[in-house]
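Chemist: Give me a model of this one.
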Amino acid sequence: MSDDNLTVFDTIIYGHPPCEGWSNSTEGAIYHLGNTILFLGYMGGSGAYGALYIFSFLAPAFLCLALWGWLSVCGLDVFIWNLVLMLQCLVQVCHLIFRLMQDGLASEELSALYSAVYLPLDVPVQVFKEITTVCENKVLSLEAEETYAVEGKTPIDQLSFLLSGRIRVSLEGQFLHYIFPHQFLDSPEWESLRPTEEGNFQVTLTAETNCRYISWRRRRLYLLLSKDRYIARLFSVMLGSDIADKLYSLNDKLFAKSGVRLDIRLPSLYHVLAPSPPSSERGSASSPPRGSHGDQMTGTMEPVPANQHVDVPSSQQGQEKDPVPKPQASQRQPWPSDTEMPSEGDTPGRFPHRYQRGRAPLAPMDTPRL
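Modeler: The predicted structure is shown next:
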């Protein structure tokens, strides 16, 4: 094959003298150590930590190969190339360490919050850092029996999120429900006001144990939500879920006096739970179910002997004169029948006490402590 007809590929393959024989001697220990570390380095995974693992192994591997090229091969090009590769790996290691430090959070409590709440929602770390920057990366504390808000006095000027502990919510001394970790303290109050409105708490929040929480000032948080649409939607979802959890916790505490569990979604719940006067409560066990004229009969009717005469008002003549039997406890129904429900012709004053408007009890007073 003439030299004029050689291509670049042929020059690479045939342009050097062939090996006359393989050497039986092996390279030194530095060469094999460098390749061993190189082999271990390429077993790293993906991501920032995987890249940090790979470059951390490649740097000493290229250092060993550079020493092998300087001491054994005595080749300047071998030494320079491996030295350049080693320096490049060191630069990559420094860059990855700096990046991981930048992505780190200010405290362990915030890191635990991100892992428990925001990471399952696939919220990036940078977005979470923007959220915590609004609260200045501060974690506040409440001692046991310390009050976070007082009904009718504390203004609604912040939004708080509980990290640890337990808070009791009450209204006029009546227990409503508990607030547990990873729940908002004042989500209903936050949603009840517009950005330009002001108001006070309608409930009292008291710490039952030592609590830790983060808090966003209302003005600063509204500014963040107005600038970042993603964070605004994130808070909307979290607040909606939190309010739903609080409503269902209230639903678990709602019981009628007969022991029947009620549902907060019932439209007539307010009337069913309306308190009745003490006199009607004492006589409710012996009062008959309401019929067409049951509102005018407040006491039980006893049988009249045959030899006695009882004057009956003219307005009640023609009504049923037979005695009304006392209903047994097993015959009482927790829910009113169709005939007991108020009709359109009934005036509010003729409603039985259970249908008269009043303040509905939100929960029993003797709720056991958890």
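
Chemist: how about low-confidence regions in the stretch 101-250 of the chain?
Modeler: 102-104, 106 (pLDDT under 70).

Chemist: In this structure Pro188 contacts Asp245, no?
Modeler: No. The criterion here is C-beta atoms under 8 Å, and Pro188 misses it with Asp245 at 11.2 Å. For glycine as for every other residue, the C-beta is placed from the backbone atoms N, C-alpha and C.

Chemist: As a check, name the ranges of all strands in the protein.
Modeler: Along the chain, the stretches classed as strands by DSSP state E are 140-142, 147-149, 158-164, 167-171, 174-179, 204-207, 211-217.

Chemist: And these: which comes nearest Gln92?
Modeler: With respect to Gln92, and counting by C-beta to C-beta, the nearest of the strands of the chain is strand 211-217 at 35.6 Å.

Chemist: how about the closest one: buried residues?
Modeler: For strand 211-217, burial by neighbour count (16 or more other C-beta atoms under 10 Å) applies to Cys211, Tyr213, Ile214, Ser215, Trp216.

Chemist: swap in stretch 187-199?
Modeler: Under the neighbour-count criterion of 16+ other C-beta under 10 Å, stretch 187-199 has Ser187, Pro188, Glu189, Trp190 buried.

Chemist: Make TSV out of those residues and add distance to Val237.
Modeler: Shown next, in TSV, are the buried residues of stretch 187-199 (distance: C-beta to C-beta, whole Å):
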residue	distance to Val237
Ser187	12
Pro188	16
Glu189	18
Trp190	14
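
Chemist: Please flag which of those residues sit within helices.
Modeler: Counting by DSSP state H, the buried residues of stretch 187-199 place Ser187, Pro188, Glu189, Trp190 in helices.

Chemist: gap between the nearest residue to the first one once chain neighbours are set aside and Leu234?
Modeler: Think Ser187. Excluding the flanking residues, the one nearest Ser187 by C-beta to C-beta, 6 or more residues apart in numbering is Asp242, at 4.5 Å. Asp242 sits 13 Å away from Leu234, going by C-beta to C-beta, to the nearest Å.

Chemist: out of those two, which sits in the more crowded spot?
Modeler: The residue with more neighbours, out of Asp242 and Leu234, is Asp242; 21 against 18, by other C-beta atoms under 10 Å.

Chemist: In contact with the more buried one, which residues?
Modeler: Residues near Asp242 by C-beta atoms under 8 Å, 6 or more residues apart in numbering: Gln183, Phe184, Ser187.

Chemist: And it, how far from Glu145?
Modeler: For Asp242 relative to Glu145 (C-beta to C-beta), the value is 24 Å.

Chemist: I'd like the contacts of Asp242 as a markdown table, with distance to Glu108 appended.
Modeler: Shown next, in a markdown table, are these (distance: C-beta to C-beta, whole Å):
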| residue | distance to Glu108 |
| --- | --- |
| Gln183 | 20 |
| Phe184 | 21 |
| Ser187 | 25 |
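
Chemist: right, and out of those, which lies closest to Val117?
Modeler: For Val117, the nearest member of the contacts of Asp242 is Gln183. The distance, counting by C-beta to C-beta, is 10.0 Å.

Chemist: can you count the residues close to that closest one?
Modeler: 19.

Chemist: Cross-check the contact I'm expecting between it and Ala244.
Modeler: No. Using C-beta under 8 Å, Gln183 is not in contact with Ala244, being 11.3 Å away.

Chemist: Tell me who's in contact with the residue lying closest to Asp245 once chain neighbours are set aside.
Modeler: Spatial nearest neighbour of Asp245, excluding adjacent residues (C-beta to C-beta, 6+ apart): Gln183 at 6.8 Å. Applying C-beta under 8 Å, 6+ apart to Gln183 gives the contacts Phe161, Leu162, Asp242, Asp245, Lys246.

Chemist: Need phi/psi at Gln183.
Modeler: Here is the backbone geometry of Gln183 (degrees, to the nearest 10): phi -130, psi 150.

Chemist: Any figure for the gap between it and Glu172?
Modeler: 23 Å.

Chemist: go on, Leu234?
Modeler: For Leu234 relative to Glu172 (C-beta to C-beta), the value is 35 Å.

Chemist: buried residues in stretch 233-249?
Modeler: For stretch 233-249, by 16+ other C-beta under 10 Å, it's Leu234, Phe235, Met238, Leu239, Asp242, Asp245, Lys246, Ser249.

Chemist: actually stretch 142-155, sorry about that
Modeler: Buried residues in stretch 142-155, counted by 16+ other C-beta under 10 Å: Leu142, Tyr148, Ala149, Glu151, Thr154.

Chemist: Redo these as CSV? Include distance to Leu176.
Modeler: Shown next, in CSV, are the buried residues of stretch 142-155 (distance: C-beta to C-beta, whole Å):
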residue, distance to Leu176
Leu142, 18
Tyr148, 14
Ala149, 13
Glu151, 11
Thr154, 16
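
Chemist: what two of these have the greatest distance between them?
Modeler: Every pair of the buried residues of stretch 142-155 checked by C-beta to C-beta; the farthest is Leu142 and Glu151, at 17.0 Å.
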